[in-house]
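the sequence and its predicted three-dimensional model are supplied below.
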Amino acid sequence: MSTIDVTNLQDVNQYSTILQKQNLINNVYYLDVSNTSGYVFEMAVFDTSGTLQIDPTFDTTIQQDVGLEDVSAIAMLDVPLSNFNSIFVFQSDSDDLDDLAINDLKFGLNPDAANLFSTTLFSYAEVQENQVNSYYSEQHIYDDYIRNLAVQITGGYSAADIFTNEESLVNGVKNLDSTFQQLFNAIINGLISETVSSGPKSLPEIDNLTTNSSVYKSAIALFTINVNSGTTSPRLITLFDDIRAASNATATSANHVGPITVPIRFHSGDKIALRLVYKNLNTNPYGNHIIQPRSYKLLLNLVE
């Protein structure tokens, strides 16, 4: 498994850099732009699709997929840190706080993360880069995508009002949030079930995975960031507190502690990246106007 030292993680200071996969040297990097900063964790497993079954009243249908390839635009949505800061766990057979070697640890998903996305309103994310029309103050995904549809059909950047059911289209995009909540929950719950049934995975086991390896490697990356964050860093202090709590909970007597399972916590400003792709079910509803997909890299910004 290829590795990168935590001190060499890529620093990204423009949203435009993360529009394309080729610009990133790793799936974990540090994003420091004008309105936010923190580590970003991209996990290819978060890839699913859904369909919006509603036509503009001119007659067209919109389809939405999710992946993690190149994107048309960057969007960001603030979500509670408390909901996401214990997705990952590591398992150790020792509570030695001075020897946290990755090779001796196993990584998995925390059962407490079940149904993690149940309240996430994806369509309310604010587009940060490559808006269809930056003139408007309202830049939610549901605004941006309908403007995109208008541009592709009419060629006009302010022509969304030409649709007689513009409000229905916007609501249709919003209504897809519940579909994506279910789909993403199915992904995270499947990963949790794998941990519960098979236990956390060692580094060699992760290296041999053919699917979902990016999830476990992100867990390793988060652990590595936290443990190397400095002796006074809240990341390291919280990690040690969690280790002590797990040790105390596991101890059957003084100095007799079996394997412990410890959460690996995100911290305020960290982000989890998803990819949303919107495309028309009918790509040629009007003459020669071929409607191309529009994709968003959605950064879930973890805030306290």
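Structure's in. What do you need?

so where's the protein shaky on pLDDT?
In the predicted model of the chain, residues 1, 47-68, 94-103, 156-161, 251-258, 280, 285, 287 satisfy pLDDT under 70.

cutoff 50 now
Applying pLDDT under 50 to the chain flags residues 55-67, 95-99.

for this structure, which segments count as helices?
Applying DSSP state H to the chain gives helices spanning 81-84, 141-154, 166-198, 203-207, 213-227, 234-250.

dump the first one to PDB, restricted to CA.
What follows is helix 81-84 as a C-alpha-only set of coordinates in PDB (Å, rounded to 0.1, in the frame of the first residue of the first chain):
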ATOM      1  CA  LEU A  81     -19.500  17.700  14.100                       C
ATOM      2  CA  SER A  82     -21.300  15.700  16.800                       C
ATOM      3  CA  ASN A  83     -23.000  13.700  14.200                       C
ATOM      4  CA  PHE A  84     -19.900  12.700  12.300                       C
END
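
take the helices of the chain and lay them out in CSV including distance to residue 128.
Where you see a C-beta, it was placed from the backbone N, CA and C, and this is true even at glycine. Shown next, in CSV, are the helices of the chain (distance: least, C-beta to C-beta, whole Å):
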stretch, distance to residue 128
helix 81-84, 20
helix 141-154, 11
helix 166-198, 18
helix 203-207, 32
helix 213-227, 22
helix 234-250, 25
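
quick one: closest of those to residue 74.
Closest of these to residue 74 is helix 141-154, at 10.9 Å (criterion: C-beta to C-beta).

run the angle between the closest one and helix 166-198 for me.
Put simply, helix 141-154 runs at 120 degrees to helix 166-198, going by axes from the mean of the first three to the mean of the last three C-alpha atoms, to 10 degrees.

so for helix 141-154, what gets flagged as buried?
By 16 or more other C-beta atoms under 10 Å, the buried positions in helix 141-154 come out as 141-154.

with stretch 212-224 instead?
Buried, per 16+ other C-beta under 10 Å, within stretch 212-224: 212-224.

again, but for stretch 130-139
Those would be 130, 131, 132, 133, 139, for stretch 130-139 by 16+ other C-beta under 10 Å.

for the residue nearest to residue 246 when sequence neighbours are not counted, what are its contacts?
Leaving aside its chain neighbours, residue 246 sits nearest to residue 260 (4.1 Å; criterion: C-beta to C-beta, 6 or more residues apart in numbering). Contacts for residue 260 (C-beta atoms under 8 Å, 6 or more residues apart in numbering) come out as 91, 92, 95, 243, 246, 247, 249, 250.

can you flag the buried ones in those?
Counted by 16+ other C-beta under 10 Å, those give 91, 92, 95, 243, 246, 247 as buried.

for the chain, which segments count as strands?
Along the chain, the segments classed as strands by DSSP state E run 11-12, 28-33, 36-42, 49-52, 62-66, 73-80, 88-92, 106-109, 126-129, 201-202, 260-264, 271-280, 294-303.

between those, which gets nearest to residue 195?
strand 106-109 (3.5 Å).

now the closest one - C-alpha only, CSV.
Taking C-alpha atoms only, strand 106-109 is exported to CSV below (Å, rounded to 0.1, in the frame of the first residue of the first chain):
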residue,chain,number,x,y,z
LYS,A,106,-7.0,-2.5,13.3
PHE,A,107,-9.5,-0.1,11.8
GLY,A,108,-13.3,-0.2,11.3
LEU,A,109,-16.6,1.6,11.4
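
partner strands of that strand, with direction?
strand 88-92 (antiparallel), strand 201-202 (antiparallel) (DSSP bridges).

save those as a markdown table, and put in distance to residue 79 too.
Shown next, in a markdown table, are the strands paired with strand 106-109 (distance: least, C-beta to C-beta, whole Å):
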| stretch | distance to residue 79 |
| --- | --- |
| strand 88-92 | 16 |
| strand 201-202 | 26 |
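
who does the closest residue to residue 270 other than its chain neighbours form a beta bridge with?
Distance criterion C-beta to C-beta, 6+ apart; nearest residue to residue 270, sequence neighbours excluded, is residue 38 at 4.6 Å. For residue 38, the beta-bridge partners are residue 31 (DSSP bridges).

so what touches stretch 25-43?
Contacts for stretch 25-43 (C-beta under 8 Å, 6+ apart): 4, 9-15, 18, 24, 44, 68, 76, 128, 214-215, 217-218, 221-222, 225, 267-273, 299, 301-302.

chain center to that stretch: distance?
In terms of C-alpha atoms, centre = their mean, to the nearest Å, the centre of stretch 25-43 is found 11 Å from the chain centre.

list the buried ones in it?
27-31, 33, 36, 38-43.

rewinding a little: quick one: the residue nearest to residue 270 from residue 119, how far?
21 Å (C-beta to C-beta, to the nearest Å).

swap in residue 31?
24 Å.
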